[in-house]
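[1] Coordinates for the following, if possible.
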Amino acid sequence: MQILIYSYNYHPEPIGIAPLMTELAEGLVRRGHQVRVVTGMPNYPQRRIYEGYRGKLYITEQRHGVTVQRCYVRIRPQPGLVDRALLEGSFVVTSFFQALKGWRPDVILLTIPPLTTCVPAAAIATLQRAPIVLNVQDILPDAAVHTGLLTNQKVIRTFEILEQFAYRRAAKISVIAEGFVDNLREKNVDLDKIVRIPNWVDVDFICPKDKASSYFRTENGLEGKFIAMYSGNIALTQGLENVVKAAALLKDLPDLAIAIVGEERALEPLRELCRECEADNVVLRPFQPREKLPEMLAAADVGLVVQKKNVLCFNMPSKIPVILASGRPILASVPADGTAAKAVRESGGGIVVPPEDPDAIAQNLRELYRDRDRVENLGHLARQCAVDRYSFDRSLDRYESLFSSLTHAR
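    Alright, predicted model coming up:
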């Protein structure tokens, strides 16, 4: 098949949807398909165009058999509403013309967010008579409204119209969690369109390793300590200040530490809070190179997943399969009825505690610190779940089968 992946994020961006779409594209190529990717100039998570891509309107690259067609995007480090509109608008325009270059696809995989990309993708699908598979990573605009990012009612209504257009235009809709299905059902989306394919993890790349030999421990003076680690995006939906406050409650345990790895700019407010709380048992570090990710994760005894109270069925952290694959148990401070909580409970390799509750985080970390056998048992269950449910080959099989069914139907 000839498959066009329409994704704002792609390699070399290290987190979020970029590694997933990169692995999917390259996996499809290894199975004999032709793949081209229409994407933006790399900028995440720094929100600054990477060196080598600045000042360019279009760049086409070949990477591991994938044709990567990059487009100019107008990006600002701290975007307001107008900046976000200009960012998404620039990608809508530039990506449309870039997508027209190249062979005609048999099928188009469109990832959202951003939701606005459904407009140029639909135009391409019409012009080239190709079905769209809509890959929903976040339910928009619900996520933006619940986190306070969108408050203008006219803007919200505009995005609701775009959302309904995207669902109607798609031949199939792939969602990453069961909670997404419930959300779409309430919006009267045809259930026959919906296919649940969870985000995956490369269980050969991310795998259990000896924590004692991890470079992350030695470089940060953490040898011999019990470490709880959060690694990933630091945004409105997380509430990582609660992790710092929990650390302050654990200062009586000198060989327990909490590591938070994220974007350097987003770490600054947490550094100030650490000083205020005198939480000197917190280590704050910037993102590590992706090739070091397995060893960094191996440094942890427990992986942390954190969400605010208002994050329910519209967000599924991609870090959950990654932590499970590393063979580490998860302590999830998330809404009990949310998508993340369900995934952690079903894995058998984690514990769910109330969100935005430093006392609950501290209490459960204290209990895990004292019961290392339980930590080891949870870690084994976590790894088994990752292999059974979240392996890349399993998800690749399902996407390949979905694309093939649409191609044959056409």
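
[2] Can you tell me, leaving aside adjacent residues, what's nearest to Phe91?
    Val73 (5.0 Å; CB to CB, 6 or more residues apart in numbering). C-beta: built from backbone N, CA, C; applies to glycine.

[3] pretty sure the one you found is touching Val93, no?
    No - using CB atoms under 8 Å, Val73 is not in contact with Val93, being 10.0 Å away.

[4] Could you check which of these two has the larger neighbour count?
    Comparing Val73 with Val93 by neighbour count (other CB atoms under 10 Å), the higher total belongs to Val73, at 21 against 13.

[5] Contacts only, for that one.
    Shown in contact with Val73 (CB atoms under 8 Å, 6 or more residues apart in numbering): Tyr8, Gly40, Met41, Asn43, Ile49, Leu87, Ser90, Phe91, Thr94.

[6] and the third one, what does it touch?
    Think Met41. Ile49, Tyr50, Tyr53, Arg54, Lys56, Ile59, Arg70, Cys71, Tyr72, Val73, Ile75.

[7] For the helix or strand of the chain with the lowest mean pLDDT, name the packing helices and strands.
    When the helices and strands of the chain are scored by mean pLDDT, DSSP states H and E, helix 142-146 comes last with a mean of 75. Using 3 or more CB pairs under 8 Å, 6 or more residues apart in numbering; DSSP states H and E as the contact test, no helix or strand touches helix 142-146.

[8] Just the residues contacting that helix, thanks.
    Counting by CB under 8 Å, 6+ apart, Leu149, Leu150, Thr151, Ile156, Phe159, Asn183, Thr237, Asn310, Val311, Leu312, Phe314, Asn315 sit against helix 142-146.

[9] Out of the contacts of Met41, which end up buried?
    Ile49, Tyr53, Arg70, Cys71, Tyr72, Val73, Ile75 (16 or more other CB atoms under 10 Å).

[10] mind putting those residues in a markdown table, pLDDT included?
    Shown next, in a markdown table, are those (pLDDT from 0 to 100):
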| residue | pLDDT |
| --- | --- |
| Ile49 | 94 |
| Tyr53 | 95 |
| Arg70 | 97 |
| Cys71 | 97 |
| Tyr72 | 96 |
| Val73 | 94 |
| Ile75 | 90 |
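
[11] Among those, which one sits closest to Ala325?
    Distances from these to Ala325 were compared by CB to CB; the smallest belongs to Arg70, at 29.4 Å.

[12] Could you list the low-pLDDT ranges of the stretch 201-350 of the chain?
    Per-residue confidence for the stretch 201-350 of the chain (pLDDT under 70) gives these ranges: 236, 312-314.

[13] now the helices for it?
    Applying DSSP state H, counting those that start in this stretch to the stretch 201-350 of the chain gives helices spanning 215-219, 241-248, 264-277, 293-298, 319-325, 339-347.

[14] Which strands or helices does the last one pack on?
    Right, helix 339-347. Packed next to helix 339-347, using 3+ CB pairs under 8 Å, 6+ apart, are helix 178-186, helix 319-325, strand 330-333, strand 350-353, helix 372-389.

[15] after the first one, next one along is what?
    The one in question is helix 178-186. Using DSSP states H and E, the next helix or strand after helix 178-186 towards the C-terminus is strand 194-196.

[16] Name the residues that touch that following strand?
    With CB under 8 Å, 6+ apart, strand 194-196 has contacts from Lys172, Ile173, Ser174, Val175, Ile176, Ala177, Glu178, Phe180, Val181, Leu184, Arg398, Leu402.

[17] export the residues you listed to CSV and tack on pLDDT and neighbour count?
    Compiled in CSV, the contacts of strand 194-196 are given as follows (pLDDT from 0 to 100; neighbours: other CB atoms under 10 Å):
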residue, pLDDT, neighbour count
Lys172, 97, 19
Ile173, 97, 22
Ser174, 97, 23
Val175, 94, 24
Ile176, 92, 23
Ala177, 87, 24
Glu178, 84, 16
Phe180, 90, 23
Val181, 91, 17
Leu184, 92, 21
Arg398, 96, 16
Leu402, 97, 18
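
[18] Export these as CSV, with columns for distance to Pro14.
    Listed next are the contacts of strand 194-196 as CSV, based on distance: CB to CB, whole Å:
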residue, distance to Pro14
Lys172, 29
Ile173, 27
Ser174, 23
Val175, 24
Ile176, 19
Ala177, 23
Glu178, 28
Phe180, 25
Val181, 29
Leu184, 30
Arg398, 25
Leu402, 27
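
[19] Distance-wise, check the residue nearest to Phe91 relative to Leu86.
    9 Å (CB to CB, to the nearest Å).

[20] rewinding a little: most tightly packed of the helices of the stretch 201-350 of the chain?
    helix 319-325 (a mean of 28; mean count of other CB atoms under 10 Å).

[21] Just the C-alphas of that helix, formatted as CSV.
    Output of helix 319-325 as CSV, limited to C-alpha atoms (Å, rounded to 0.1, in the frame of the first residue of the first chain):
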residue,chain,number,x,y,z
LYS,A,319,4.1,7.2,29.4
ILE,A,320,2.0,4.4,30.9
PRO,A,321,3.0,1.7,28.4
VAL,A,322,6.6,3.0,28.5
ILE,A,323,6.9,2.7,32.3
LEU,A,324,5.2,-0.7,32.2
ALA,A,325,7.7,-1.9,29.5
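
[22] Which elements pack onto that helix?
    Right, helix 319-325 is packed against helix 293-298, strand 302-306, strand 330-333, helix 339-347, helix 372-389 by 3+ CB pairs under 8 Å, 6+ apart.

[23] Map the structural domains onto the sequence of this structure.
    2-200+391-409, 211-389 (automatic domain parsing).

[24] Point out the most buried one among these.
    Most buried of these, by mean neighbour count (mean count of other CB under 10 Å): domain 211-389, with a mean of 20.

[25] Report the separation between the two terminal residues of it.
    24 Å (CA to CA, to the nearest Å).

[26] Pull the distance from it to the chain's centre.
    Offset of domain 211-389 from its chain centre (CA atoms, centre = their mean, to the nearest Å): 16 Å.

[27] One more: stretch 24-35?
    21 Å.

[28] Send me it as PDB with only the CA atoms.
    Output of stretch 24-35 as PDB, limited to C-alpha atoms (Å, rounded to 0.1, in the frame of the first residue of the first chain):
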ATOM      1  CA  LEU A  24       4.700   3.300  12.900                       C
ATOM      2  CA  ALA A  25       5.900   4.800   9.600                       C
ATOM      3  CA  GLU A  26       9.200   2.900   9.700                       C
ATOM      4  CA  GLY A  27       7.400  -0.300  10.800                       C
ATOM      5  CA  LEU A  28       5.100  -0.100   7.800                       C
ATOM      6  CA  VAL A  29       8.100   0.400   5.500                       C
ATOM      7  CA  ARG A  30       9.800  -2.700   6.900                       C
ATOM      8  CA  ARG A  31       6.700  -4.600   5.900                       C
ATOM      9  CA  GLY A  32       7.000  -3.500   2.300                       C
ATOM     10  CA  HIS A  33       4.600  -0.500   2.100                       C
ATOM     11  CA  GLN A  34       5.500   2.900   0.800                       C
ATOM     12  CA  VAL A  35       5.100   5.700   3.400                       C
END
